[in-house]
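K.L.:
could you look at this predicted model? Sequence included:
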Amino acid sequence: MSLRSLVRLCIVHALALSLGMGSLSALAGERVKVFAAASLTDSVDALAEAYERDHDVEIVPVYAASSTLARQIANGAPAAVYLSANERWMDWLDAQEGITLSHRHDVLSNRLALIAPRDSDLEDFTPDETASIAERLGDGRLALGNPEHVPAGIYAKQALTSLGQWTSLAPRLARADNVRSALALVERGEAPLGVVYASDAQASDKVKTLGLFPDASHEPIIYPMALIGDAPSDAAKSLADWLDGRQAAAIFQRFGFATVAAEDAS
């Protein structure tokens, strides 16, 4: 064999090997984008770490208010999985032209908590018709997610309206873009009180929970999940199935969520 032929053969083998490795790389380490409500930040980070240990998949979380995420997906953001903090925004997304949802079901539930900075002198109490939040605010404001679109803020408005306190508190709100931003306002002492999810309050060592709002004062706090697109990838389907299992349920519960009808297998 001539030197030229030998070089040509080596090049052909190198190209074949390169193409083969490229195919393997395409199959391995697939990325799955998970658009999740801001209140899920800590739990989804932990879930991603646990899932990646046993699967050759990279989980890429994107966190924001459920409303923001739904609008981004409707505008073409490449989400594979959507975890919303309420059903209204999942319904809204499902109604948008060109959007296909599958594997939709409820995954989690939560509670609504009234919080104060850790060093606050305020004593614990259960928010109700007889316990005035406005009187405990002093000259400050009540931090919560914007009730126009942030699920935690929507639930807070429902609860405060039901308890007869919305009218006095509406002019005294510190409206945040998402529930974690509302939590941060209280953590920094910029607001003496805030309304967040119980899971958010549990996640922070800079705030304390004064009390939980009665369940009957607002709509049930339910987190639905769905796959996005006409043809979800096998990696996205596998992740969604895993999120329904016992291992994921244990992680969600560790971060203060209650799971809804988790399957026995994982």
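P.N.:
Happy to help now that I have it.

K.L.:
now the element after whichever strand or helix holds I73, going C-ward?
P.N.:
Secondary structure assignment for I73, by DSSP states H and E: helix 66-74. Later in the chain than helix 66-74, the nearest helix or strand by DSSP H and E is strand 81-83.

K.L.:
how much space between the residue nearest the centre of the chain and H55?
P.N.:
Nearest residue to the geometric centre of the chain (Cα atoms, centre = their mean): A37, 2.5 Å. When distances are taken as Cβ to Cβ, to the nearest Å, A37 and H55 turn out to be 23 Å apart. Every residue, glycine included, has its C-beta placed from N, CA and C.

K.L.:
try H218
P.N.:
37 Å.

K.L.:
need the contact partners of the helix holding I73.
P.N.:
Applying Cβ atoms under 8 Å, 6 or more residues apart in numbering, the contact partners of helix 66-74 are 35-37, 62, 64, 77, 79, 82, 84-86, 89-90, 92-93, 96, 99, 149-151, 177-178, 228.

K.L.:
check the secondary structure at the nearest residue to P117 once chain neighbours are set aside for me.
P.N.:
Among residues not flanking P117 along the chain, G189 sits closest, at 5.1 Å (Cβ to Cβ, 6 or more residues apart in numbering). Here G189 is coil, with the state taken from DSSP: H, G, I helix; E, B strand; the rest coil.

K.L.:
can you count the residues close to G189?
P.N.:
Using other Cβ atoms under 10 Å, G189 has 14 other residues around it.

K.L.:
which is the succeeding secondary structure element to the helix or strand where R104 lies?
P.N.:
Here R104, judged by DSSP H and E, is contained in strand 101-110. The first helix or strand that comes after strand 101-110 along the chain, using DSSP H and E, is strand 112-117.

K.L.:
who's in contact with that next one?
P.N.:
So strand 112-117 is contacted by 122, 127, 133, 152, 155-156, 159, 183, 186-187, 189, 192-198, 200-201, 206-213, 217-218, 221 (Cβ under 8 Å, 6+ apart).
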